[in-house]
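[1] sequence-free structure coming up:
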(Lines give C-alpha, C1' and ligand atoms only; values in the text may rest on other atoms or scores of the structure.)
Protein backbone atom coordinates (compact mmCIF):
# COMPACT_ATOMS: atom_id res chain seq x y z
CA UNK A 1 0.00 0.00 0.00
CA UNK A 2 1.38 3.43 -0.95
CA UNK A 3 2.19 6.02 1.73
CA UNK A 4 -0.73 8.37 0.82
CA UNK A 5 -3.21 5.49 0.96
CA UNK A 6 -1.69 4.24 4.24
CA UNK A 7 -2.06 7.73 5.67
CA UNK A 8 -5.66 7.90 4.53
CA UNK A 9 -6.43 4.58 6.21
CA UNK A 10 -4.84 5.81 9.43
CA UNK A 11 -6.92 8.96 9.30
CA UNK A 12 -10.08 6.96 8.76
CA UNK A 13 -9.24 4.77 11.74
CA UNK A 14 -9.01 7.90 13.87
CA UNK A 15 -12.37 8.97 12.50
CA UNK A 16 -14.04 5.63 13.12
CA UNK A 17 -12.31 4.98 16.45
CA UNK A 18 -12.37 1.42 17.68
CA UNK A 19 -14.35 0.32 14.65
CA UNK A 20 -11.13 -0.31 12.71
CA UNK A 21 -9.57 -2.43 15.45
CA UNK A 22 -9.92 -6.13 14.71
CA UNK A 23 -8.53 -9.49 15.63
CA UNK A 24 -7.61 -11.10 12.33
CA UNK A 25 -7.63 -14.84 11.75
CA UNK A 26 -4.33 -16.45 12.65
CA UNK A 27 -2.68 -19.47 11.10
CA UNK A 28 -3.77 -22.52 13.12
CA UNK A 29 -1.10 -24.17 15.26
CA UNK A 30 -0.07 -27.47 13.71
CA UNK A 31 2.67 -29.87 14.75
CA UNK A 32 5.28 -30.08 11.98
CA UNK A 33 4.95 -33.34 10.03
CA UNK A 34 7.86 -35.75 10.47
CA UNK A 35 10.17 -36.63 7.65
CA UNK A 36 8.82 -40.20 7.52
CA UNK A 37 5.79 -42.11 8.69
CA UNK A 38 6.13 -43.52 12.20
CA UNK A 39 4.02 -46.61 11.53
CA UNK A 40 6.42 -48.13 9.00
CA UNK A 41 9.45 -47.25 6.94
CA UNK A 42 8.64 -46.45 3.30
CA UNK A 43 10.45 -44.98 0.37
CA UNK A 44 9.81 -41.43 -0.76
CA UNK A 45 8.07 -42.24 -4.03
CA UNK A 46 4.57 -41.04 -4.75
CA UNK A 47 1.78 -43.62 -4.46
CA UNK A 48 0.85 -45.32 -7.67
CA UNK A 49 -2.62 -45.15 -9.19
CA UNK A 50 -5.49 -47.29 -8.01
CA UNK A 51 -5.55 -49.20 -11.27
CA UNK A 52 -1.85 -50.10 -11.03
CA UNK A 53 -2.04 -51.00 -7.34
CA UNK A 54 -5.18 -53.15 -7.31
CA UNK A 55 -4.56 -54.62 -10.78
CA UNK A 56 -8.21 -55.68 -11.14
CA UNK A 57 -9.70 -54.97 -14.60
CA UNK A 58 -13.20 -55.80 -13.35
CA UNK A 59 -12.97 -53.25 -10.56
CA UNK A 60 -11.38 -50.69 -12.87
CA UNK A 61 -14.39 -50.87 -15.18
CA UNK A 62 -16.82 -50.58 -12.28
CA UNK A 63 -15.09 -47.49 -10.89
CA UNK A 64 -15.24 -45.81 -14.28
CA UNK A 65 -18.94 -46.70 -14.57
CA UNK A 66 -19.61 -45.23 -11.12
CA UNK A 67 -17.75 -42.02 -11.94
CA UNK A 68 -19.95 -41.58 -14.99
CA UNK A 69 -23.33 -42.53 -13.48
CA UNK A 70 -23.29 -41.96 -9.71
CA UNK A 71 -25.88 -39.36 -8.66
CA UNK A 72 -23.97 -38.06 -5.65
CA UNK A 73 -20.98 -37.37 -7.87
CA UNK A 74 -23.23 -35.65 -10.40
CA UNK A 75 -24.47 -33.43 -7.56
CA UNK A 76 -20.86 -32.58 -6.68
CA UNK A 77 -20.24 -31.61 -10.30
CA UNK A 78 -23.33 -29.38 -10.21
CA UNK A 79 -21.97 -27.66 -7.11
CA UNK A 80 -18.78 -26.93 -9.05
CA UNK A 81 -20.82 -25.27 -11.79
CA UNK A 82 -22.67 -23.22 -9.20
CA UNK A 83 -19.36 -22.11 -7.65
CA UNK A 84 -18.08 -21.15 -11.10
CA UNK A 85 -21.14 -18.97 -11.61
CA UNK A 86 -20.66 -17.45 -8.15
CA UNK A 87 -17.07 -16.57 -9.04
CA UNK A 88 -18.24 -14.86 -12.23
CA UNK A 89 -20.85 -12.92 -10.24
CA UNK A 90 -18.24 -11.76 -7.73
CA UNK A 91 -15.86 -10.74 -10.50
CA UNK A 92 -18.60 -8.76 -12.25
CA UNK A 93 -18.96 -6.46 -9.23
CA UNK A 94 -15.56 -4.95 -10.08
CA UNK A 95 -16.64 -3.97 -13.58
CA UNK A 96 -18.51 -0.81 -14.67
CA UNK A 97 -22.27 -1.17 -15.07
CA UNK A 98 -24.05 0.11 -18.17
CA UNK A 99 -27.85 0.27 -18.49
CA UNK A 100 -30.16 1.27 -21.33
CA UNK A 101 -33.23 3.25 -20.26
CA UNK A 102 -36.25 3.96 -22.44
CA UNK A 103 -39.65 5.36 -21.56
CA UNK A 104 -42.75 6.72 -23.23
CA UNK A 105 -45.52 8.78 -21.62
CA UNK A 106 -48.72 10.46 -22.82
CA UNK A 107 -50.07 13.29 -20.69
CA UNK A 108 -53.41 15.10 -20.92
CA UNK A 109 -53.20 18.79 -19.92
CA UNK A 110 -56.12 20.54 -18.30
CA UNK A 111 -58.15 22.64 -18.84
CA UNK A 112 -57.22 22.73 -22.55
CA UNK A 113 -57.39 18.98 -22.94
CA UNK A 114 -54.19 18.95 -24.96
CA UNK A 115 -52.42 15.59 -25.06
CA UNK A 116 -48.61 15.60 -25.03
CA UNK A 117 -46.26 12.72 -25.87
CA UNK A 118 -42.83 12.39 -24.30
CA UNK A 119 -40.22 9.82 -25.36
CA UNK A 120 -36.91 9.29 -23.56
CA UNK A 121 -33.93 7.09 -24.31
CA UNK A 122 -30.56 7.06 -22.63
CA UNK A 123 -27.58 5.20 -21.31
CA UNK A 124 -26.40 5.26 -17.70
CA UNK A 125 -23.08 4.01 -16.39
CA UNK A 126 -21.70 3.60 -12.89
CA UNK A 127 -18.48 2.32 -11.41
CA UNK A 128 -17.30 2.07 -7.84
CA UNK A 129 -13.59 2.69 -7.38
CA UNK A 130 -12.26 -0.37 -5.57
CA UNK A 131 -10.07 1.82 -3.40
CA UNK A 132 -9.71 -0.60 -0.49
CA UNK A 133 -9.93 -3.89 -2.38
CA UNK A 134 -13.47 -4.54 -1.15
CA UNK A 135 -14.68 -6.08 -4.40
CA UNK A 136 -11.34 -7.55 -5.49
CA UNK A 137 -11.08 -9.51 -2.22
CA UNK A 138 -14.61 -10.81 -2.60
CA UNK A 139 -13.77 -11.86 -6.17
CA UNK A 140 -10.61 -13.59 -4.94
CA UNK A 141 -12.59 -15.29 -2.17
CA UNK A 142 -15.09 -16.60 -4.72
CA UNK A 143 -12.26 -17.93 -6.91
CA UNK A 144 -10.64 -19.65 -3.94
CA UNK A 145 -14.02 -21.06 -2.89
CA UNK A 146 -14.36 -22.48 -6.39
CA UNK A 147 -11.03 -24.27 -5.91
CA UNK A 148 -12.39 -25.68 -2.63
CA UNK A 149 -15.53 -27.01 -4.31
CA UNK A 150 -13.43 -28.53 -7.09
CA UNK A 151 -11.31 -30.26 -4.45
CA UNK A 152 -14.53 -31.49 -2.81
CA UNK A 153 -15.49 -33.06 -6.13
CA UNK A 154 -12.07 -34.75 -6.38
CA UNK A 155 -12.47 -36.05 -2.82
CA UNK A 156 -15.94 -37.33 -3.69
CA UNK A 157 -14.49 -39.20 -6.69
CA UNK A 158 -11.92 -40.93 -4.50
CA UNK A 159 -14.46 -41.71 -1.81
CA UNK A 160 -16.79 -43.18 -4.41
CA UNK A 161 -13.97 -45.30 -5.83
CA UNK A 162 -13.20 -46.62 -2.33
CA UNK A 163 -16.86 -47.45 -1.71
CA UNK A 164 -17.13 -49.27 -5.04
CA UNK A 165 -13.93 -51.21 -4.37
CA UNK A 166 -15.01 -52.22 -0.86
CA UNK A 167 -18.47 -53.28 -2.03
CA UNK A 168 -16.93 -55.24 -4.94
CA UNK A 169 -14.53 -57.18 -2.73
CA UNK A 170 -17.06 -57.57 0.09
CA UNK A 171 -19.43 -59.12 -2.44
CA UNK A 172 -16.75 -61.48 -3.71
CA UNK A 173 -15.83 -62.41 -0.15
CA UNK A 174 -19.47 -63.03 0.76
CA UNK A 175 -19.99 -65.27 -2.27
CA UNK A 176 -16.84 -67.23 -1.45
CA UNK A 177 -17.99 -67.48 2.17
CA UNK A 178 -21.34 -68.85 1.01
CA UNK A 179 -19.51 -71.63 -0.85
CA UNK A 180 -17.23 -72.44 2.10
CA UNK A 181 -20.04 -72.22 4.67
CA UNK A 182 -22.30 -74.49 2.61
CA UNK A 183 -19.43 -76.98 2.26
CA UNK A 184 -18.88 -76.81 6.01
CA UNK A 185 -22.61 -77.37 6.59
CA UNK A 186 -22.50 -80.43 4.31
CA UNK A 187 -19.57 -81.80 6.28
CA UNK A 188 -21.41 -81.07 9.51
CA UNK A 189 -24.53 -82.83 8.21
CA UNK A 190 -22.46 -85.89 7.30
CA UNK A 191 -21.03 -85.88 10.84
CA UNK A 192 -24.54 -85.81 12.30
CA UNK A 193 -25.61 -88.75 10.15
CA UNK A 194 -22.60 -90.81 11.22
CA UNK A 195 -23.13 -89.85 14.87
CA UNK A 196 -26.82 -90.77 14.75
CA UNK A 197 -25.98 -94.23 13.37
CA UNK A 198 -23.32 -94.77 16.01
CA UNK A 199 -25.70 -93.59 18.73
CA UNK A 200 -28.31 -96.04 17.48
CA UNK A 201 -25.68 -98.77 17.78
CA UNK A 202 -24.93 -97.61 21.32
CA UNK A 203 -21.38 -96.57 20.51
CA UNK A 204 -21.57 -92.87 21.52
CA UNK A 205 -23.51 -90.76 24.00
CA UNK A 206 -26.52 -88.57 23.14
CA UNK A 207 -24.54 -85.44 24.14
CA UNK A 208 -22.19 -86.00 21.23
CA UNK A 209 -25.09 -86.13 18.78
CA UNK A 210 -26.59 -82.93 20.25
CA UNK A 211 -23.25 -81.12 19.99
CA UNK A 212 -22.92 -82.08 16.34
CA UNK A 213 -26.51 -81.03 15.60
CA UNK A 214 -25.82 -77.66 17.23
CA UNK A 215 -22.67 -77.28 15.15
CA UNK A 216 -24.70 -78.12 12.02
CA UNK A 217 -27.24 -75.41 12.83
CA UNK A 218 -24.40 -72.92 13.39
CA UNK A 219 -22.86 -73.80 10.03
CA UNK A 220 -26.21 -73.41 8.27
CA UNK A 221 -26.76 -70.10 10.03
CA UNK A 222 -23.35 -68.91 8.89
CA UNK A 223 -24.16 -69.79 5.30
CA UNK A 224 -27.45 -67.87 5.56
CA UNK A 225 -25.63 -64.85 7.02
CA UNK A 226 -23.18 -64.95 4.13
CA UNK A 227 -26.05 -64.98 1.63
CA UNK A 228 -27.60 -61.95 3.39
CA UNK A 229 -24.26 -60.11 3.20
CA UNK A 230 -23.88 -61.00 -0.48
CA UNK A 231 -27.35 -59.67 -1.26
CA UNK A 232 -26.73 -56.42 0.65
CA UNK A 233 -23.31 -55.77 -0.87
CA UNK A 234 -24.58 -56.48 -4.39
CA UNK A 235 -27.43 -54.00 -4.03
CA UNK A 236 -25.12 -51.43 -2.45
CA UNK A 237 -22.71 -51.77 -5.36
CA UNK A 238 -25.50 -51.43 -7.91
CA UNK A 239 -26.68 -48.19 -6.25
CA UNK A 240 -23.14 -46.79 -6.36
CA UNK A 241 -23.04 -47.64 -10.07
CA UNK A 242 -26.33 -45.84 -10.70
CA UNK A 243 -28.09 -49.12 -11.51
CA UNK A 244 -31.39 -50.43 -10.17
CA UNK A 245 -30.64 -52.36 -6.94
CA UNK A 246 -31.97 -55.69 -8.12
CA UNK A 247 -29.09 -57.82 -6.77
CA UNK A 248 -28.34 -59.05 -10.29
CA UNK A 249 -24.68 -58.06 -10.54
CA UNK A 250 -22.58 -61.22 -10.61
CA UNK A 251 -19.42 -61.31 -8.52
CA UNK A 252 -16.75 -64.02 -8.53
CA UNK A 253 -16.69 -66.44 -5.61
CA UNK A 254 -13.11 -65.66 -4.65
CA UNK A 255 -10.74 -62.95 -3.53
CA UNK A 256 -7.55 -61.94 -5.33
CA UNK A 257 -4.18 -61.90 -3.65
CA UNK A 258 -3.60 -58.94 -1.40
CA UNK A 259 -1.84 -56.24 -3.45
CA UNK A 260 1.50 -54.97 -2.27
CA UNK A 261 1.30 -51.73 -0.30
CA UNK A 262 1.90 -48.64 -2.43
CA UNK A 263 4.88 -46.45 -1.57
CA UNK A 264 3.56 -44.00 0.99
CA UNK A 265 5.98 -41.16 0.33
CA UNK A 266 6.46 -38.58 3.07
CA UNK A 267 3.79 -36.89 5.22
CA UNK A 268 4.31 -33.41 3.74
CA UNK A 269 3.63 -34.70 0.21
CA UNK A 270 0.53 -36.55 1.41
CA UNK A 271 -0.87 -33.31 2.83
CA UNK A 272 -0.37 -31.58 -0.52
CA UNK A 273 -2.03 -34.45 -2.45
CA UNK A 274 -5.15 -34.89 -0.34
CA UNK A 275 -8.13 -33.10 -1.95
CA UNK A 276 -9.93 -32.72 1.39
CA UNK A 277 -6.89 -30.92 2.81
CA UNK A 278 -6.72 -28.66 -0.24
CA UNK A 279 -10.42 -27.86 0.15
CA UNK A 280 -10.05 -27.01 3.85
CA UNK A 281 -7.05 -24.79 3.19
CA UNK A 282 -8.87 -22.99 0.37
CA UNK A 283 -11.85 -22.32 2.64
CA UNK A 284 -9.52 -20.84 5.24
CA UNK A 285 -7.99 -18.55 2.62
CA UNK A 286 -11.44 -17.56 1.35
CA UNK A 287 -12.52 -16.79 4.90
CA UNK A 288 -9.58 -14.44 5.37
CA UNK A 289 -10.36 -12.64 2.13
CA UNK A 290 -14.01 -12.20 3.07
CA UNK A 291 -12.97 -10.87 6.46
CA UNK A 292 -10.71 -8.30 4.77
CA UNK A 293 -13.59 -7.32 2.47
CA UNK A 294 -15.90 -6.91 5.47
CA UNK A 295 -13.30 -4.64 7.07
CA UNK A 296 -13.16 -2.56 3.89
CA UNK A 297 -16.92 -2.05 4.11
CA UNK A 298 -16.16 0.37 6.98
CA UNK A 299 -14.15 2.65 4.72
CA UNK A 300 -15.42 5.37 2.34
CA UNK A 301 -16.77 4.43 -1.05
CA UNK A 302 -16.17 6.45 -4.16
CA UNK A 303 -18.51 5.95 -7.12
CA UNK A 304 -18.46 7.54 -10.56
CA UNK A 305 -21.62 7.92 -12.64
CA UNK A 306 -22.38 9.05 -16.16
CA UNK A 307 -25.53 9.22 -18.20
CA UNK A 308 -26.59 10.49 -21.59
CA UNK A 309 -29.76 10.43 -23.64
CA UNK A 310 -32.38 12.22 -25.61
CA UNK A 311 -35.86 13.39 -24.82
CA UNK A 312 -38.37 14.30 -27.50
CA UNK A 313 -42.06 14.58 -28.16
CA UNK A 314 -41.50 12.83 -31.49
CA UNK A 315 -40.51 9.16 -31.44
CA UNK A 316 -38.57 9.55 -34.68
CA UNK A 317 -36.26 12.15 -33.14
CA UNK A 318 -34.92 9.55 -30.72
CA UNK A 319 -32.97 8.01 -33.60
CA UNK A 320 -30.74 11.07 -33.64
CA UNK A 321 -27.41 10.04 -32.22
CA UNK A 322 -26.84 13.47 -30.69
CA UNK A 323 -27.66 12.94 -27.02
CA UNK A 324 -28.89 16.30 -25.82
CA UNK A 325 -29.11 15.27 -22.17
CA UNK A 326 -26.04 14.08 -20.32
CA UNK A 327 -24.45 14.20 -16.91
CA UNK A 328 -21.24 13.21 -15.14
CA UNK A 329 -20.88 12.83 -11.41
CA UNK A 330 -19.12 11.29 -8.52
CA UNK A 331 -20.04 10.66 -4.92
CA UNK A 332 -18.32 9.75 -1.68
CA UNK A 333 -20.10 7.62 0.91
CA UNK A 334 -18.73 7.09 4.41
CA UNK A 335 -20.79 4.82 6.68
CA UNK A 336 -21.12 6.48 10.08
CA UNK A 337 -23.91 4.76 11.98
CA UNK A 338 -25.80 1.60 11.05
CA UNK A 339 -26.51 0.22 14.48
CA UNK A 340 -23.24 -1.72 14.53
CA UNK A 341 -24.24 -3.88 11.56
CA UNK A 342 -21.02 -3.41 9.57
CA UNK A 343 -18.75 -4.06 12.53
CA UNK A 344 -20.78 -7.09 13.54
CA UNK A 345 -20.55 -8.39 9.96
CA UNK A 346 -16.78 -7.90 10.07
CA UNK A 347 -16.51 -9.68 13.44
CA UNK A 348 -18.57 -12.57 12.13
CA UNK A 349 -16.34 -12.85 9.06
CA UNK A 350 -13.25 -12.90 11.31
CA UNK A 351 -14.80 -15.63 13.46
CA UNK A 352 -15.77 -17.64 10.36
CA UNK A 353 -12.17 -17.38 9.14
CA UNK A 354 -10.91 -18.59 12.53
CA UNK A 355 -13.32 -21.53 12.40
CA UNK A 356 -12.16 -22.39 8.88
CA UNK A 357 -8.56 -22.28 10.08
CA UNK A 358 -9.26 -24.71 12.90
CA UNK A 359 -11.18 -26.97 10.50
CA UNK A 360 -8.14 -26.91 8.22
CA UNK A 361 -5.85 -27.94 11.09
CA UNK A 362 -8.24 -30.72 12.07
CA UNK A 363 -8.39 -31.98 8.48
CA UNK A 364 -4.59 -32.10 8.26
CA UNK A 365 -4.27 -34.08 11.48
CA UNK A 366 -7.07 -36.44 10.46
CA UNK A 367 -5.41 -37.04 7.08
CA UNK A 368 -2.07 -37.86 8.68
CA UNK A 369 -3.80 -40.07 11.24
CA UNK A 370 -5.61 -42.02 8.55
CA UNK A 371 -2.33 -42.83 6.79
CA UNK A 372 -0.56 -43.77 10.03
CA UNK A 373 -3.49 -45.97 11.09
CA UNK A 374 -3.74 -47.68 7.70
CA UNK A 375 0.02 -48.38 7.68
CA UNK A 376 0.06 -49.73 11.22
CA UNK A 377 -3.08 -51.80 10.70
CA UNK A 378 -1.62 -53.23 7.51
CA UNK A 379 1.44 -54.50 9.38
CA UNK A 380 -0.67 -56.14 12.10
CA UNK A 381 -3.09 -57.70 9.62
CA UNK A 382 -0.17 -59.12 7.66
CA UNK A 383 1.09 -60.76 10.85
CA UNK A 384 -2.35 -62.19 11.56
CA UNK A 385 -2.53 -63.47 7.98
CA UNK A 386 0.79 -65.27 8.37
CA UNK A 387 -0.39 -66.91 11.57
CA UNK A 388 -3.69 -67.93 10.02
CA UNK A 389 -1.88 -69.37 7.00
CA UNK A 390 0.08 -71.53 9.40
CA UNK A 391 -3.13 -72.61 11.14
CA UNK A 392 -4.74 -73.46 7.80
CA UNK A 393 -1.71 -75.45 6.67
CA UNK A 394 -1.71 -77.47 9.90
CA UNK A 395 -5.46 -78.03 9.65
CA UNK A 396 -5.10 -79.36 6.12
CA UNK A 397 -2.30 -81.64 7.21
CA UNK A 398 -4.46 -82.98 10.05
CA UNK A 399 -7.35 -83.58 7.64
CA UNK A 400 -5.09 -85.49 5.22
CA UNK A 401 -3.63 -87.55 8.06
CA UNK A 402 -7.09 -88.39 9.44
CA UNK A 403 -8.28 -89.49 6.00
CA UNK A 404 -5.23 -91.73 5.54
CA UNK A 405 -5.63 -93.31 8.99
CA UNK A 406 -9.29 -94.00 8.30
CA UNK A 407 -8.43 -95.56 4.93
CA UNK A 408 -5.91 -97.80 6.72
CA UNK A 409 -8.56 -98.94 9.18
CA UNK A 410 -7.25 -96.75 12.00
CA UNK A 411 -9.62 -94.13 13.46
CA UNK A 412 -13.25 -93.51 12.58
CA UNK A 413 -15.32 -91.42 10.22
CA UNK A 414 -16.17 -88.86 12.91
CA UNK A 415 -12.48 -88.11 13.34
CA UNK A 416 -12.09 -87.55 9.60
CA UNK A 417 -15.12 -85.24 9.51
CA UNK A 418 -13.91 -83.32 12.56
CA UNK A 419 -10.53 -82.72 10.92
CA UNK A 420 -12.24 -81.62 7.72
CA UNK A 421 -14.45 -79.19 9.67
CA UNK A 422 -11.35 -77.72 11.31
CA UNK A 423 -9.79 -77.14 7.89
CA UNK A 424 -12.94 -75.49 6.52
CA UNK A 425 -13.31 -73.21 9.55
CA UNK A 426 -9.67 -72.18 9.20
CA UNK A 427 -10.30 -71.44 5.51
CA UNK A 428 -13.26 -69.21 6.43
CA UNK A 429 -11.13 -67.27 8.90
CA UNK A 430 -8.36 -66.91 6.31
CA UNK A 431 -10.92 -65.57 3.80
CA UNK A 432 -12.15 -62.97 6.30
CA UNK A 433 -8.56 -61.87 7.00
CA UNK A 434 -7.82 -61.50 3.30
CA UNK A 435 -10.86 -59.28 2.88
CA UNK A 436 -9.70 -57.15 5.84
CA UNK A 437 -6.25 -56.79 4.28
CA UNK A 438 -7.71 -55.78 0.91
CA UNK A 439 -9.93 -53.20 2.60
CA UNK A 440 -6.86 -51.93 4.43
CA UNK A 441 -5.08 -51.44 1.11
CA UNK A 442 -8.09 -49.48 -0.17
CA UNK A 443 -8.08 -47.33 2.97
CA UNK A 444 -4.37 -46.67 2.49
CA UNK A 445 -4.82 -45.67 -1.15
CA UNK A 446 -7.63 -43.31 -0.16
CA UNK A 447 -5.64 -41.85 2.73
CA UNK A 448 -2.59 -41.20 0.54
CA UNK A 449 -4.69 -39.25 -1.96
CA UNK A 450 -3.22 -40.88 -5.04
CA UNK A 451 -4.77 -40.71 -8.50
CA UNK A 452 -7.67 -42.98 -9.31
CA UNK A 453 -6.10 -44.01 -12.59
CA UNK A 454 -2.69 -43.67 -14.16
CA UNK A 455 -4.43 -41.67 -16.91
CA UNK A 456 -8.07 -40.66 -16.65
CA UNK A 457 -10.36 -41.19 -19.56
CA UNK A 458 -12.23 -43.97 -21.33
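    Nice, thanks for sending it over. These figures come from a predicted structure and were not determined experimentally.
[2] which parts of the stretch 301-450 of the chain are helices?
    Secondary structure of the stretch 301-450 of the chain by DSSP state H, counting those that start in this stretch: the helices cover 341-407, 413-448.
[3] residue 282: which of the ones you listed is closest?
    Closest approach to residue 282 among the helices of the stretch 301-450 of the chain (Cβ to Cβ): helix 341-407, 9.0 Å. In this view, the C-beta of every residue, glycine as well, is placed from N, C-alpha and C.
[4] rounded mean pLDDT for the closest one, please.
    Averaged over helix 341-407, pLDDT sits at 92.
[5] low-confidence ranges, the stretch 201-350 of the chain, go.
    Along the stretch 201-350 of the chain, the parts satisfying pLDDT under 70 run over 312-326.
[6] how about the contacts made by the nearest residue to residue 427 once chain neighbours are set aside?
    Computed as Cβ to Cβ, 6 or more residues apart in numbering, the closest residue to residue 427 that is not its neighbour in sequence is residue 180, at 5.7 Å. Remark: with contacts taken as Cβ atoms under 8 Å, 6 or more residues apart in numbering, residue 180 is in contact with 424, 427, 428, 431.
[7] does the second one really touch residue 393, like I thought?
    No - with contact taken as Cβ atoms under 8 Å, residue 427 and residue 393 are classed as non-touching, separated by 11.0 Å.
[8] before we move on, the earlier item: against residue 174, how distant is the residue nearest to residue 427?
    Here residue 180 is placed at a distance of 11 Å from residue 174 (Cβ to Cβ, to the nearest Å).
[9] please apply the same query to residue 283.
    For residue 283, the distance to residue 174 equals 40 Å [Cβ to Cβ].
[10] highest mean neighbour count out of the helices of the stretch 301-450 of the chain?
    Most buried of the helices of the stretch 301-450 of the chain by mean neighbour count (mean count of other Cβ atoms under 10 Å) is helix 413-448; its value is a mean of 21.
[11] and that one, how far out from the chain middle?
    Between the centre of helix 413-448 and the centre of its chain there are 31 Å (Cα atoms, centre = their mean, to the nearest Å).
[12] stretch 333-348 too?
    Counting by Cα atoms, centre = their mean, stretch 333-348 comes out at 37 Å from the chain centroid.
[13] same question for stretch 184-199.
    That offset, for stretch 184-199, works out to 52 Å (Cα atoms, centre = their mean).
[14] for this protein, which strand is longest?
    Ranked by residue count and defined by DSSP state E, the top strand of the chain is strand 114-129.
[15] and the helix or strand following it with strand 114-129, angle?
    Downstream of strand 114-129, the first helix or strand assigned by DSSP states H and E is helix 134-200. Helix 134-200 runs at 70 degrees relative to strand 114-129, counting by axes from the mean of the first three to the mean of the last three Cα atoms, to 10 degrees.
[16] and the angle for helix 134-200 with helix 341-407?
    20 degrees.
[17] just checking the distance from the helix or strand following helix 134-200 to the centre of its chain.
    The element immediately downstream of helix 134-200 (helix or strand, assigned by DSSP H and E) is helix 206-240. Chain-centre distance of helix 206-240: 34 Å, with Cα atoms, centre = their mean.
[18] list the buried residues of helix 206-240.
    Within helix 206-240, the residues that count as buried by 16 or more other Cβ atoms under 10 Å are 209, 212-213, 215-216, 219-220, 222-223, 226-227, 229-230, 232-240.
[19] check stretch 269-281 too.
    Within stretch 269-281, the residues that qualify as buried are 269, 270, 271, 273, 274, 275, 276, 277, 278, 279, 280, 281, counting by 16+ other Cβ under 10 Å.
[20] for those residues, which one is nearest residue 79?
    residue 279 (11.6 Å).
[21] how far off centre is the helix or strand in which the closest one is found?
    Secondary structure from DSSP H and E places residue 279 in helix 275-296. Distance of helix 275-296 from the chain centroid (Cα atoms, centre = their mean) equals 19 Å.
[22] which strands and helices sit next to it?
    helix 134-200, helix 341-407 (3 or more Cβ pairs under 8 Å, 6 or more residues apart in numbering; DSSP states H and E).
[23] nearest to residue 263, out of those helices?
    Across those, residue 263 has its closest neighbour in helix 341-407 (11.4 Å, Cβ to Cβ).
[24] give me the angle between the closest one and helix 275-296.
    Between helix 341-407 and helix 275-296, the angle comes out at 170 degrees (the same axes, to 10 degrees).
[25] let me see the contact set for the residue nearest to residue 451 when sequence neighbours are not counted.
    Counting by Cβ to Cβ, 6+ apart, residue 451 lies nearest to residue 49, which is 4.7 Å off, once chain neighbours are set aside. Going by Cβ under 8 Å, 6+ apart, residue 49 touches 450, 451, 452, 453, 454.
[26] buried among the residues you listed? Make that a PyMOL selection.
    The PyMOL command for the buried members of the contacts of residue 49 (criterion: 16+ other Cβ under 10 Å) is given here:
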select buried, resi 450+451+452+453
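[27] may I see the contacts of residue 49 arranged in JSON lines, with distance to residue 30 as well?
    Listed next are these as JSON lines, based on distance: Cβ to Cβ, whole Å:
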{"residue": "450", "distance to residue 30": "23"}
{"residue": "451", "distance to residue 30": "26"}
{"residue": "452", "distance to residue 30": "28"}
{"residue": "453", "distance to residue 30": "31"}
{"residue": "454", "distance to residue 30": "32"}
